[in-house]
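Chemist: got a structure for you, letters missing:
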């Protein structure tokens, strides 16, 4: 297909295959002998990184699909079952969820590289267009994947985005009904999204094959933007590019592993740990970070249809890039004006991303409109203009000349890394939404399970269980925890005998028996903690209209803004303890109603509850629960212990997660080091 | 790929008894997966809704066109904001109507958009009075 291949197998078996299907020669010419420009930098490793991420998403996704149930009543529970009961299910789920973010991070870097170095220019227009098609299908796949856990954000994100299509005149409502499979987002919607989410990655894979084919026909671009002319300009793909890509892959895996093992919920939304409720809209509906810039563009235009058109146009405009920017010089390295505007464009994109997570009020609206204009102006006004008026610097004569001249200007790469790191950090933090107005920030507590070496304090877990049983269980369920979980490693550490005894104290409804009647029997370790009320209506009647939430996931379902620059520091300190901080603050936060504040009837004033009016009366007071291990019977101690217990209830495998994370990190650091030195050795003669 | 037979059947009309709803109260029922507000409006709310000049509204529609004749105190609207689909809160906002917390759209006591980004009034579902104290939605 491309590249010189003098591959002739000597092994008779291989010769036999080669004569009938020359696949070995094909592999050799495409990935071993394939001529690669000698001057590529690390921005060129992201193609390989993307291929790896696609493969990883497909593999983790197929295995997750073996355990997931795509039914609106069962989906959320099946995902929790994956996290709790499926062997290494938590690892698969974390890899798949974080993997989606990594996939998009890599694709954005890959696209920005293309923008900067003019990789979309002649003869690579089709390559670029195929890339935009891959990006569009990725966005559809990611959107549908996020709906599958059927949390609050899954449901309401689906509602908002599918409603957009109703803006299309004449056919809009029919399209929306087709998307929904019903009269609103519901079970048919979930089912068809699951089917398409399984299908589209293979469509992506097919388009990737075309993408790589298109690449191999024209050859890769390079930082100088000058095509390869002689043998001196190129190197065989293996071992040079292979080892460089392997090193880049390994570094990327380290970054990815940070999220999988230590920060699995950093990029997500706490509201998605609450089951979807069609009757309750979350205060802030925010998409995942990789959609934020487009969400900001959508909301900037006050007209519904125009907003939808603007949002899709923001992606479609990319298709026309080769015809908008007709400058003869490819690489922005030699286009001083284009280079500056490129970096301004990057900042515009990052800021749009930040705005997408803010409530559309006041200055955010004005800023959004200005930045939307800037975004489109870059493609539609600036680039065509620069093609005509810019005087570029002279490009090197050849790639070989570029390599020889290269060793002097390292500063450019450093500054770009710094900018992108900052941009990335801002992006990650911008995914948190603005609730600050209605909520006091809870004070930060010290938790034994925080940080890379954190573990649960067994004593605290056991005391927390006592508080749950004696106080909370009167109103709150804990339905995802089975009695047997109390004996699992990384938990309160009861023995199986103690668990059996504890379980038998409970009456569990079972049946029907042979007479057709339901009956009660003592609990067994495999049973789950029973809920105090049989259904929501009974719970509301007993609690003045309020619904006491199930506590299994509450430590992950509650969060608060950490603000700038805390959310950047949090990324490095692995801060994931917003939930327990909030719970402790809430339990200790009951105060006398301040003067001038009227509370709705039947509510109590709490400093940390959003809106301050909570239906639950103060549940814990000093001396209420007696501890048998000598711990102080104070409200502070109760709050700590129940928060620790509830954190374990939400994340029973945390200790295993952090332990495996440490092993993976050690392995990856060693691997990265070895790959680096191997790469250096291989490349020593090439410079 | 259009809605299947069981989904359509589940969307069959429902009957709602209005007798337990006191004046000034409203309830929320679900029909076809959508929340529907049924408001027993006070005289004050009806007057406020009718005293506005219809042509000045963002989505001009008279209050009379949105309720059934002889049953003016009953307002039945689909509780989905016409902006981006959140559920507005009843008895909130400057017009004693509905307030959508997502982006601040405000509807009046006839469910009509008065301010905010929503383009249209809260839709009125198909319904009829089976008797004075019972309606059939759908």
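Modeler: The structure has been received and is ready for your questions. Please read these numbers as outputs of a predicted model, since none were measured by experiment.
Chemist: rest of the way, CA atoms for contacts and neighbours
Modeler: Noted.
Chemist: show me where chain B has helices.
Modeler: Applying DSSP state H to chain B gives helices spanning B:5-10, B:43-50.
Chemist: what parts of chain B come near chain A?
Modeler: Contact residues, chain B versus chain A (C-alpha under 8 Å from any C-alpha of the partner chain): B:1-4, B:7-8, B:11, B:32-35, B:83-87, B:101-103, B:117, B:119.
Chemist: any chance of the helices of chain B in TSV, with mean pLDDT and mean neighbour count too?
Modeler: Below are those laid out as TSV (pLDDT from 0 to 100; neighbours: other C-alpha atoms under 10 Å in any protein chain shown):
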stretch	mean pLDDT	mean neighbour count
helix B:5-10	85	12
helix B:43-50	91	16
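Chemist: could the ones you listed go into JSON lines alongside distance to residue A:335?
Modeler: Conversion of the helices of chain B to JSON lines gives the following (distance: least, C-alpha to C-alpha, whole Å):
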{"stretch": "helix B:5-10", "distance to residue A:335": "59"}
{"stretch": "helix B:43-50", "distance to residue A:335": "63"}
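Chemist: for residue B:34, list each beta-bridge partner.
Modeler: Beta-bridge partners recorded for residue B:34 (DSSP bridges): residue B:31.
Chemist: residue A:35 too?
Modeler: Beta bridges link residue A:35 to residue A:236, judged by DSSP bridges.
Chemist: correct me, but it touches residue A:240?
Modeler: No: with contacts counted by C-alpha atoms under 8 Å, residue A:35 stays clear of residue A:240, the gap being 10.2 Å.
Chemist: confirm residue A:144 sits in a helix?
Modeler: Yes: counting by DSSP: H, G, I helix; E, B strand; the rest coil, residue A:144 falls inside a helix.
Chemist: now for it: which residues touch it?
Modeler: A:193-194, A:196-197 (C-alpha atoms under 8 Å, 6 or more residues apart in numbering or on different chains).
Chemist: what do you get if the cut-off is 7 Å, keeping everything else the same?
Modeler: Each residue near residue A:144 by C-alpha atoms under 7 Å, 6 or more residues apart in numbering or on different chains is listed here: A:193, A:197.
Chemist: what does residue B:130 give?
Modeler: Counting by C-alpha under 7 Å, 6+ apart, residue B:130 has contacts residue B:136.
Chemist: for residue B:38, see how far away it is.
Modeler: For residue B:130, the distance to residue B:38 equals 15 Å [C-alpha to C-alpha, to the nearest Å].
Chemist: go on, residue A:625?
Modeler: Residue A:625 is 46 Å from residue B:38, by C-alpha to C-alpha.
Chemist: pretty sure residue A:637 sits in a helix.
Modeler: Yes: looking at residue A:637 with three-state DSSP, it is inside a helix.
Chemist: show the pLDDT at it.
Modeler: Residue A:637 is assigned a pLDDT of 97 by the prediction.
Chemist: identify the residue spatially nearest to it, adjacent ones excluded.
Modeler: The spatial neighbour of residue A:637 that comes closest, neighbours along the chain excluded (C-alpha to C-alpha, 6 or more residues apart in numbering or on different chains), is residue A:631 at 7.7 Å.
Chemist: what's the local residue count around the one you found?
Modeler: Residue A:631 has 13 neighbours, counted by other C-alpha atoms under 10 Å in any protein chain shown.
Chemist: which SS class is it?
Modeler: With three-state DSSP as the criterion, residue A:631 reads coil.
Chemist: quick check: pLDDT value at it.
Modeler: Residue A:631 carries a pLDDT value of 94.
Chemist: can you tell me how far it sits from chain B?
Modeler: With distances taken as C-alpha to the nearest C-alpha, to the nearest Å, residue A:631 is found 45 Å from chain B.
Chemist: lowest-pLDDT helix or strand in chain A?
Modeler: The helix or strand of chain A with the poorest confidence is helix A:411-430; it has a mean of 53 (mean pLDDT, DSSP states H and E).
Chemist: list the buried residues in the next helix or strand after it.
Modeler: Next along the chain after helix A:411-430, taking DSSP states H and E as the criterion, comes helix A:458-470. By neighbour count on 16 or more other C-alpha atoms under 10 Å in any protein chain shown, the buried set for helix A:458-470 is A:458, A:460-468.
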